[in-house]
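K.L.:
please work out how this folds:
(2 chains)
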Amino acid sequence: DTGVSQDPRHKITKRGQNVTFRCDPISEHNRLYWYRQTLGQGPEFLTYFQNEAQLEKSRLLSDRFSAERPKGSFSTLEIQRTEQGDSAMYLCASSLRVDTEAFFGQGTRLTVV
Amino acid sequence: DQQVKQNSPSLSVQEGRISILNCDYTNSMFDYFLWYKKYPAEGPTFLISISSIKDKNEDGRFTVFLNKSAKHLSLHIVPSQPGDSAVYFCAASAPYSGAGSYQLTFGKGTKLSVIP
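P.N.:
Numbers count the residues shown, from 1 in each chain, chains lettered A, B, ... in the order given. Predicted structure coming up:
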């Protein structure tokens, strides 16, 4: 399978705990994006990487959120001190260029209890 | 302020007929548009895209029309099949605008039901 891979698919955590998600993009894609989707809404942009550089961040990405892409390949998204409002589907996508389609992974469903 | 709007939350169409999904946008910097299809508990799947230099793009049963003056695009599916039943998202970005923003802005989606 050469698509975008996300791990884990599901995560249940207690409020206040830290969680980390991983995304492996399509291998030749140097652009990587994180989005968040809640029920009844479209995906909302969180952050964008070109290679290892984080070039764009949404105001949705509070200081409890941090994303990295250390070697320009896989990426991690960490949420510290999780809150119930963080419960959502976290989606990763990658693209070859900014004017080509982004391919999405299956997402990580986070539930904060 | 929602920059991409899909005003129809749902649409039901008979199998074999045409499905037309609509999308409006407000940001005049948008110059690249995409449609995605999404099944429950899965990530969005890319369907078709169009850049602002075109007014139509076709791929098999799917055609996207862009009306820049009206800031409106539509997705036509002909003929509709039961397997097309899913939520369809319209998305827009501004890769050519020089604004340095490459994020996709999505609408809230339209749930399409194709009735056999």
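K.L.:
the nearest residue to B:L47 once chain neighbours are set aside: neighbour count?
P.N.:
Excluding the flanking residues, the one nearest B:L47 by Cβ to Cβ, 6 or more residues apart in numbering or on different chains is B:W35, at 4.5 Å. Quick note: C-beta positions are derived from backbone N, CA and C, even for glycine. Per other Cβ atoms under 10 Å in any protein chain shown, the neighbour tally for B:W35 reads 25.
K.L.:
so who does the nearest residue to B:N22 once chain neighbours are set aside touch?
P.N.:
Nearest in space to B:N22, with sequence neighbours left out and distances taken as Cβ to Cβ, 6+ apart, is B:S74 at 5.1 Å. The neighbourhood of B:S74, defined by Cβ atoms under 8 Å, 6 or more residues apart in numbering or on different chains, consists of B:20-23, B:64-65.
K.L.:
which one of those is nearest to chain A?
P.N.:
B:C23 (10.7 Å; Cβ to the nearest Cβ).
K.L.:
quick one: low-confidence parts of the chain?
P.N.:
Here I'm looking at chain A. A:1 (pLDDT under 70).
K.L.:
you answered for a different chain; I wanted chain B.
P.N.:
Applying pLDDT under 70 to chain B picks out residues B:98-100.
K.L.:
quickly list what the residue of it found nearest chain A is bridged to.
P.N.:
As assessed by Cβ to the nearest Cβ, chain A sits closest to B:F106 within chain B, at 3.1 Å. Residues in a beta bridge with B:F106, per DSSP bridges, are B:A91.
K.L.:
now A:T76
P.N.:
A:R22, A:E68.
K.L.:
only alpha carbons, please: show stretch A:49-66 as PDB.
P.N.:
The C-alpha trace of stretch A:49-66 is given here as PDB (Å, rounded to 0.1, in the frame of the first residue of the first chain):
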ATOM      1  CA  PHE A  49       5.200  21.200   6.000                       C
ATOM      2  CA  GLN A  50       7.400  21.500   3.000                       C
ATOM      3  CA  ASN A  51      10.100  18.900   3.600                       C
ATOM      4  CA  GLU A  52      11.100  19.400   7.200                       C
ATOM      5  CA  ALA A  53      10.100  23.100   7.400                       C
ATOM      6  CA  GLN A  54       6.800  23.900   9.000                       C
ATOM      7  CA  LEU A  55       5.600  26.800   6.800                       C
ATOM      8  CA  GLU A  56       2.100  27.400   7.800                       C
ATOM      9  CA  LYS A  57       0.100  27.100  11.100                       C
ATOM     10  CA  SER A  58      -3.500  27.700  11.800                       C
ATOM     11  CA  ARG A  59      -4.800  29.700  14.800                       C
ATOM     12  CA  LEU A  60      -6.500  26.400  15.700                       C
ATOM     13  CA  LEU A  61      -3.100  25.000  16.600                       C
ATOM     14  CA  SER A  62      -2.900  26.200  20.200                       C
ATOM     15  CA  ASP A  63       0.200  26.000  22.300                       C
ATOM     16  CA  ARG A  64      -0.800  22.500  23.400                       C
ATOM     17  CA  PHE A  65      -0.400  21.200  19.900                       C
ATOM     18  CA  SER A  66       3.000  20.600  18.300                       C
END
